[in-house]
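Undergrad: take a look and give me a structure for this.
(one chain, ligands or ions: 1)
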Amino acid sequence: MRMRKKKNTGARIQACSDYMNWNDMLENDKINKFDKIDKIDKFVCLEIGCGKGDFICGMARKFPGVNFIALEIISDVIVSAMEKAKNLDLPNVRFINGDAIKLEEYFADFKISQIYLNFSDPWHKRYQANKRLTSPVFLEIYKKILKPDSKIIMKTDKKEFFDYSVKSFLSNGFIIDRMTHDFYNSDFFDPEENIQTEYEKNFVSQNFPICYLEAILPSI
Ligand code: SAH
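TA: Numbers count the residues shown, from 1 in each chain. All right, here's what the predicted structure looks like:
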């Protein structure tokens with residue numbers, strides 16, 4: 001579906017510009033400051049393709065001691081996420097309006113502790129496979145920005161894309177710690193802990209099963 005370009009996105013993003021610089025968030029991080037841990041050791045979680053931000057804002061609210069960064073390529077979409085964070089006055093979330101292909105550039109001076117891939121575009125056609133956020137191209141980039149022993153947590157309703165992702169993780173040096181094709185009916189599901197994304201709310205309301213995995217990047 002082609003979205004009509006919204007006229008005032010630039011001005012709306014500008015009004016939330018405090019949410020685009022994460023240096024102050026990391027400087028003000030009381031937990032890490034108390035422990036005298038430097039920038040490289042901060043616990044920072046990254047969501048890639050955050051959409052309108054229900055997940056990242058929900059997580060930032062639930063875990064006030066953790067820093068969250070959300071990446072989204074479409075300005076007309078990320079602006080809603082930024083406004084959500086601003087309205088909730090969340091101090092521990094920041095946004096990047098950019099492309100995951102540039103992650104090494106964004107995170108040149110510190111490492112990420114956890115990555116969330118929520119309902120990423122499946123790019124069904126084989127010739128588009130490199131665009132999938134779990135293709136070897138992206139997994140190699142994640143390896144460069146992740147700390148050792150860190151996790152990538154993935155949720156999707158697209159079983160074929162999920163099965164492709166499992167194979168991709170395994171053949172690119174990750175370990176699959178947990179996985180299920182029916183998250184809501186699995187032992188890993190805890191309704192108190194799970195924060196739903198916009199897509200997830202929609203699929204769950206239609207009773208579509210949700211696939212879930214946790215992949216670990218081992219430290220060797
Ligand atoms: N996570 C949200 C949105 C899922 S749709 C939810 O679960 O509700 C997937 C999102 O990923 C879209 O908003 C799309 O613009 C974004 N996206 C796709 N490829 C991207 C890339 N290379 N870099 C950053 N964002 C990307």
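Undergrad: burial measure for the closest residue to the ligand within the chain, as a count.
TA: The ligand sits closest to Gly49 of the chain, with a gap of 2.3 Å, by CB to the nearest ligand atom. Just so you know, the C-beta spots here come from the backbone N, C-alpha and C atoms, and that holds for glycine as well. By other CB atoms under 10 Å, the residues close to Gly49 number 21.
Undergrad: which ones are touching it?
TA: Residues in contact with Gly49 (CB atoms under 8 Å, 6 or more residues apart in numbering) are Leu71, Glu72, Ile73, Ala100, Leu117, Asn118, Phe119, Ser120, Asp121, Leu133.
Undergrad: just the residues you listed that are near the ligand?
TA: Residues of those in contact with the ligand (CB under 6 Å from any ligand atom): Leu71, Glu72, Ile73, Ala100, Asn118, Phe119, Ser120, Asp121.
Undergrad: what about the residue nearest the centre of the chain, which helix or strand?
TA: The residue lying closest to the centre of the chain (CA atoms, centre = their mean) is Glu47, at 1.3 Å. Using DSSP states H and E, Glu47 sits in strand 44-48.
Undergrad: could you pull up the mean pLDDT of that strand?
TA: Model confidence over strand 44-48 averages 96 on the pLDDT scale.
Undergrad: what's that strand in contact with?
TA: Contacts of strand 44-48 (CB under 8 Å, 6+ apart): 22, 26, 55-56, 59, 66-71, 100, 103, 110-118, 120, 133, 145.
Undergrad: again, only using 7 Å
TA: Residues from elsewhere that reach strand 44-48 (CB atoms under 7 Å, 6 or more residues apart in numbering): 55-56, 66-71, 100, 110, 112-118, 133.
Undergrad: what does stretch 85-94 give?
TA: With CB under 7 Å, 6+ apart as the test, stretch 85-94 has contacts from 16, 19-22, 25, 53, 56-57, 60-61, 64, 66-70.
Undergrad: other SSEs contacting the helix or strand encompassing Glu160?
TA: Per DSSP H and E, Glu160 falls inside helix 159-170. Counting contacts by 3 or more CB pairs under 7 Å, 6 or more residues apart in numbering; DSSP states H and E, helix 159-170 packs against helix 136-145, strand 175-180, strand 211-216.
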